[in-house]
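Peer 1: quick one, fold the following:
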Amino acid sequence: MIYPGHWNQCWRRWAVTEAATLDRIISQLEEAYPPRLAQSWDSVGLVCGDTGETVARALVCVDVTSDVVEAAVAGGYGLVVAHHPLLLRGVDTVAASTPKGALIHRLIRGGCALYTAHTNADSARPGVSDALADALGVRDTAPLEPIPTELDKWVVMVPIDSAAQVRDGLFAAGAGEIGDYRQCAWSVQGVGQFEPLPGARPAIGSIGGLTEVVEARIEVVAARRLRAGVLAALRAAHPYEEPAFDILELADTPGTGGADSVGLGRVGVLAAEVSLREFADLAAARLPRSAWGIRAAGDPDRRIRRVAVCGGAGDSLIGAAAASGADVYLTGDLRHHVVDEALRAGGPALVDAGHWATEFPWCAQAAGILESLGVPTDVHAGPTDPFGLHASAER
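Peer 2: Numbers count the residues shown, from 1 in each chain. Purely as a prediction, here's the structure:
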């Protein structure tokens, strides 16, 4: 939940239950923000810490700064969950004599673990851009750039009498899910044949005899990452010693945009139409205050209803925002020439609310995950934006 007007206050929501282990917390975080969604260049997951230790308190932040580390150690926190990786590019030392190494040493000596959810949290649903959309009142959202769905097609032959149990086993393993639909399958009947050889233990037929069986051909799809589990379920449910099946890797296709669709950015609608000037004021009121402020490009009187957003540096998605039919696209770190060219091309109005401010709403979302495990969690509300000063001359 977003609390407009209170971004500069440290806040806490308490849940009092048995302390959770770091391993259990990581499992829950990775369920919410699957590491498989991270970009290939990214570094996510546990940076330091003992997974067997219990965590009595946690702190969530956008950036791992010296202020954050000092607050974590001084406050007796057992875990820091950060959005931006502390160790992203190639690292060959964490010596205490280096700036980042000094922070790692401080955390370890203070008994505080560090965990990062970065581009996996950007693409997850709900994730960083969902929190940003919620803060701005943007609803009915879908990803701006869906992650292609990697699917297998399973073709299984099974005796008619066992078809239902095999289908149920495949469904229980996650097969047959397409967008907002479940238990999707296609079947047709045919005749299969086989000859059991010495050493076989046939469920039907006998050694050395040719057997013909009326079988169902069952076809389902399943996410490629579920292949091992689906195969295990198939073997467990199938009556044959050696089930007959095919696994076909389907061409990668964009997500369907359903409730489970994941990817970068979000696009949705406001409850009521506003002008660009009013939308910029709304962003200033709803997002945490930073020295960066709110910058908008476009006709101030342009009518805004359909809104695209992306937490962090999002100018790579301007084309996707334009293709989505958005009236405005709000993100951070927009560049002069990129904005100029986008406006000349007739795209949406553009709003730059800064990198840190557009990602900070996610902290409350991540805190909620920890609190659901009974871990009292604080959000480090002090800005970690490196741009801490804004000066303007009076004219």
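Peer 1: any regions of the stretch 151-300 of the chain where pLDDT drops low?
Peer 2: Scanning the stretch 151-300 of the chain for pLDDT under 70 picks out 253-260.
Peer 1: the strands in it, which residues?
Peer 2: With DSSP state E, counting those that start in this stretch as the definition, the stretch 151-300 of the chain shows strands at residue ranges 151-159, 186-194, 211-223, 244-249, 263-275, 295-297.
Peer 1: how far out from the middle of the chain is stretch 376-391?
Peer 2: 23 Å (CA atoms, centre = their mean, to the nearest Å).
Peer 1: how about it, which residues are buried there?
Peer 2: Within stretch 376-391, the residues that count as buried by 16 or more other CB atoms under 10 Å are 376-385. Where you see a C-beta, it was placed from the backbone N, CA and C, and this is true even at glycine.
Peer 1: quote the end-to-end distance of that stretch.
Peer 2: 38 Å (CA to CA, to the nearest Å).
Peer 1: related to what we said a few turns ago, can you list the strands of the stretch 151-300 of the chain in a markdown table and add mean neighbour count?
Peer 2: A markdown table is the format used below for these (neighbours: other CB atoms under 10 Å):
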| stretch | mean neighbour count |
| --- | --- |
| strand 151-159 | 20 |
| strand 186-194 | 12 |
| strand 211-223 | 18 |
| strand 244-249 | 14 |
| strand 263-275 | 20 |
| strand 295-297 | 17 |
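Peer 1: so which of these is nearest Arg139?
Peer 2: Checking the strands of the stretch 151-300 of the chain against Arg139 by CB to CB gives strand 263-275 as the closest, at 5.4 Å.
Peer 1: who does the closest one pair up with?
Peer 2: On the basis of DSSP bridges, the sheet neighbours of strand 263-275 come out as strand 139-146 (antiparallel), strand 303-313 (antiparallel).
Peer 1: out of these, which one sits most buried?
Peer 2: strand 303-313 (a mean of 24; mean count of other CB atoms under 10 Å).
Peer 1: mind checking how far it is from the chain centre?
Peer 2: Strand 303-313 sits 18 Å away from the centroid of its parent chain (CA atoms, centre = their mean).
Peer 1: and what of stretch 94-106?
Peer 2: Its chain's C-alpha centre and that of stretch 94-106 lie 29 Å apart, by CA atoms, centre = their mean.
Peer 1: and for stretch 145-158?
Peer 2: For stretch 145-158, the separation from the chain centroid amounts to 20 Å (computed by CA atoms, centre = their mean).
Peer 1: that stretch: end-to-end distance?
Peer 2: 39 Å.
Peer 1: how about the buried residues of stretch 376-391 in TSV, adding pLDDT, secondary structure and distance to Ala72?
Peer 2: Output for these, formatted as TSV (pLDDT from 0 to 100; DSSP: H, G, I helix; E, B strand; the rest coil; distance: CB to CB, whole Å):
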residue	pLDDT	secondary structure	distance to Ala72
Pro376	96	coil	14
Thr377	97	strand	12
Asp378	97	strand	9
Val379	97	strand	12
His380	96	coil	8
Ala381	85	coil	14
Gly382	89	coil	13
Pro383	91	coil	17
Thr384	93	coil	13
Asp385	91	coil	19
